[in-house]
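Peer 1: Sharing a model that was predicted from the sequence below.
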Amino acid sequence: MNGYLAIILTGHVPYLRAAGREPAGEDLLHETIADAIVPTLNALYDLRDLGVRPYVGLAYSPVLLDQLADNVVQKHCFVWMERRIERIAAAVAEWERAGEQHQAYLARFYLEWNQGILDSFTRRYNRNVTAALRELCADGVAEPLSSAATHAYLPLLESGAARRAQIDVGALAITRLMGTRPRGLWLPECGYT
């Protein structure tokens, strides 16, 4: 029996670019980049480099992609990752001084993991994960899907014109950011009317 598997990568982070950085501003965006987007990119790039051609749907919101492409966000994310690594390195030293070998082992694991993420973010993707995603779309590894421009929950919009504008502006944004016009649509929260 032949089967098919569809993998759709979805992502949205509200607009946090000017919301401050700590504790609840851009940090959420930086965590998303470090803990989800860069590891996913690494897996897709590694598979492609091995000659494996995964094909995934990419349903990242225009709001998220715009922030990922922002030079200031990229700089802040780099600084955030460096600070995170410093905190983990301090934890390694503390656990080792306390003779807590298992905790020190785990902290070293996370230190190495985060150093690898920072290396990928800076060297492999030149801090611009939107450009890296665009490359995967151009190479046929990812298929960009459109979404509502502001990740609006469309059934709550009273006006058909407002819903249409969300969809049209979202498609234009994805086309601009991913370099190709999307052929599909991922509705925010899967809501439709």
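Peer 2: Yes, it's here.
Peer 1: so who does the residue nearest the centre of the chain touch?
Peer 2: Central residue of the chain (CA atoms, centre = their mean): I37, 3.4 Å from the mean position. Each residue near I37 by CB atoms under 8 Å, 6 or more residues apart in numbering is listed here: 11, 68, 129. Bear in mind the C-beta positions are built from the backbone N, C-alpha and C, glycine included.
Peer 1: where's the nearest residue to L154 once chain neighbours are set aside relative to T150, distance?
Peer 2: Spatial nearest neighbour of L154, excluding adjacent residues (CB to CB, 6 or more residues apart in numbering): R163 at 5.0 Å. Distance of R163 to T150, computed by CB to CB, to the nearest Å: 12 Å.
Peer 1: So which bits of the helix or strand where W95 lies are buried?
Peer 2: Using DSSP states H and E, W95 sits within helix 71-97. Judged by neighbour count using 16 or more other CB atoms under 10 Å, the buried positions of helix 71-97 are 73-74, 76-78, 80-81, 84-85, 88, 91-92, 95.
Peer 1: all strands for the protein, in order.
Peer 2: 8-11, 56-60, 142-146, 184-185 (DSSP state E).
Peer 1: what's the first one in contact with?
Peer 2: Put plainly, it is strand 8-11. 32, 36-37, 40, 56-61, 64, 142, 145, 186.
Peer 1: again, only using 6 Å
Peer 2: Residues outside strand 8-11 that contact it (CB atoms under 6 Å, 6 or more residues apart in numbering): 56-60, 64.
Peer 1: Let me have those in CSV, extended by neighbour count.
Peer 2: Below are those laid out as CSV (neighbours: other CB atoms under 10 Å):
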residue, neighbour count
V56, 15
G57, 16
L58, 26
A59, 22
Y60, 25
L64, 24
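Peer 1: Those into CSV, with extra columns for pLDDT?
Peer 2: Below are the contacts of strand 8-11 laid out as CSV (pLDDT from 0 to 100):
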residue, pLDDT
V56, 94
G57, 95
L58, 95
A59, 95
Y60, 96
L64, 96
